[in-house]
Structures are given as C-alpha cells and as structure tokens.
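In: Need a 3D model of the sequence below.
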Amino acid sequence: MEPADRIPSTSDAGAFRPHRVVVLALDGLLPFELGIPHRIFGRPRDAGGRPLYEVVTCSVRPPGPVETDADFTLHVAHGPEALATADTVIVPASYELGPVFDRGELTPELAAALALVRPGTRLASICTGVYVLAAAGHLDGRPATTHWADAARFQRLFPRIEVDPDVLFIDDGDILTSAGVAAGIDLCLH
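Out: Numbering: from 1, shown residues only. Below is the predicted model of the structure:
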C-alpha cells in the first residue's frame, strides 16, 4: 500500500484520522483471506500509539450473516454504506461470485454497493476477488494478476486486461491485485 508516514488522513480541521480500509465480504468468501487485511492493518501504530489504520468489514447487504466456504457463517456488522467511507477497499476471493465469475457481470446488488465507492479510493483484490474489480470495469487496459490456476480463464473473460500470472501482486497505483490466497499477505504488506 503506502509507506506508513503517508497513511494518516486528516479531516478539514487537521485532526489525525487513520487510513480507513474497508473489506468487502461476499458470500462464499474464504475466511483466511478475509482475515489478511485485519491481521496486516489492524495492529500498526504511530509513535504516539494511535492506530495507523481502521479496518472495517462490510457486506453488500445490511448488517447480518455472510456465508463462508467453510462450515460456518460470519456476522458482518456493516452494510454497503461503509464503502463510501473507505480510503482503500479490499475484495477477498469468494467461491460464490455467480455471474461475476461465469460471465464477467456484476449482480445488481454488487453494482449498487460498488457505486458507493468514492472516486480516487484505492482498490485492491486478493486472489479471485479480482473478478469483482474487472467486472466493474476498473481494470480495463490495466495490468492485473490472479491465482495462476485462474489466469487463463480470467484473461479469456476479460480480454482488455493485461493479465500476468507469474507475479505475486501488481501495484498499478490506485489499483492493486494479488495472485493466490497467500499472495494477499504480500500485497497487504507492500
């Protein structure tokens, strides 16, 4: 992301405000991937002990249950309105992306949620979460990566994206994408 000395934000009054990372939890998500941003961004503090980041998880629906790919459901405390408050949005992989994965099309619910993201907000994906950014049109004409086993399929579905299956992550300024699950750790540390 950015060096820690450039992370804190300020309000109009000049007060310190941590960089707000909003993680979009979609049904079928992998719990490990959902935990990566919280683990990486949840602990750093400045010299005065103030958190450098605020990490919030949201859903495309009002607060409530989100299915995982495991045998448990998570309760997500924030709805899509949290996306409008993000400095960075991170989309972890999900195994239930439906038309996003099958046809490269956002569901109306997901499109409405992503429309809340302010222009200039940094976007990042972990593994196949890149399908969401691609289906939203954010990656057209740009480089991106995803899990190596999905790279060829992703390239066929989104021919306007420059897919590189041989890297752990790609930092293209305001959009970052990572390869497989664990590469999301490398992306977040970056």
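In: gap between the longest helix seen in the chain and the chain center?
Out: What stands out as the longest helix in the chain, according to DSSP state H, is helix 31-41. Relative to the mean C-alpha coordinate of its chain, helix 31-41 is positioned 11 Å out (C-alpha atoms, centre = their mean, to the nearest Å).
In: now the helix or strand just after that helix and helix 31-41, what's the angle there?
Out: Next helix or strand after helix 31-41 toward the C-terminus (DSSP states H and E): strand 53-58. Put simply, strand 53-58 runs at 160 degrees to helix 31-41, going by axes from the mean of the first three to the mean of the last three C-alpha atoms, to 10 degrees.
In: gap between strand 53-58 and the chain center?
Out: Distance, centroid of strand 53-58 to centroid of chain: 11 Å (C-alpha atoms, centre = their mean).
In: and that strand, what does it pack onto?
Out: strand 19-24, helix 31-41 (3 or more C-beta pairs under 8 Å, 6 or more residues apart in numbering; DSSP states H and E). Heads up, the C-betas are built off the backbone N, CA and C, glycines and all.
In: rerun that using 10 Å as the cut-off
Out: Strand 53-58 is packed against strand 19-24, helix 31-41, strand 73-76, strand 88-91, with contacts defined by 3 or more C-beta pairs under 10 Å, 6 or more residues apart in numbering; DSSP states H and E.
In: Tell me which of those approaches Pro63 most closely.
Out: For Pro63, the closest of the helices and strands packed on strand 53-58 is strand 73-76, at 6.2 Å, according to C-beta to C-beta.
In: helices or strands next to that closest one in the packing?
Out: Checking 3+ C-beta pairs under 10 Å, 6+ apart, strand 73-76 ends up next to helix 31-41, strand 53-58, strand 64-67.
In: Recalculate using a threshold of 6 Å.
Out: strand 64-67 (3 or more C-beta pairs under 6 Å, 6 or more residues apart in numbering; DSSP states H and E).
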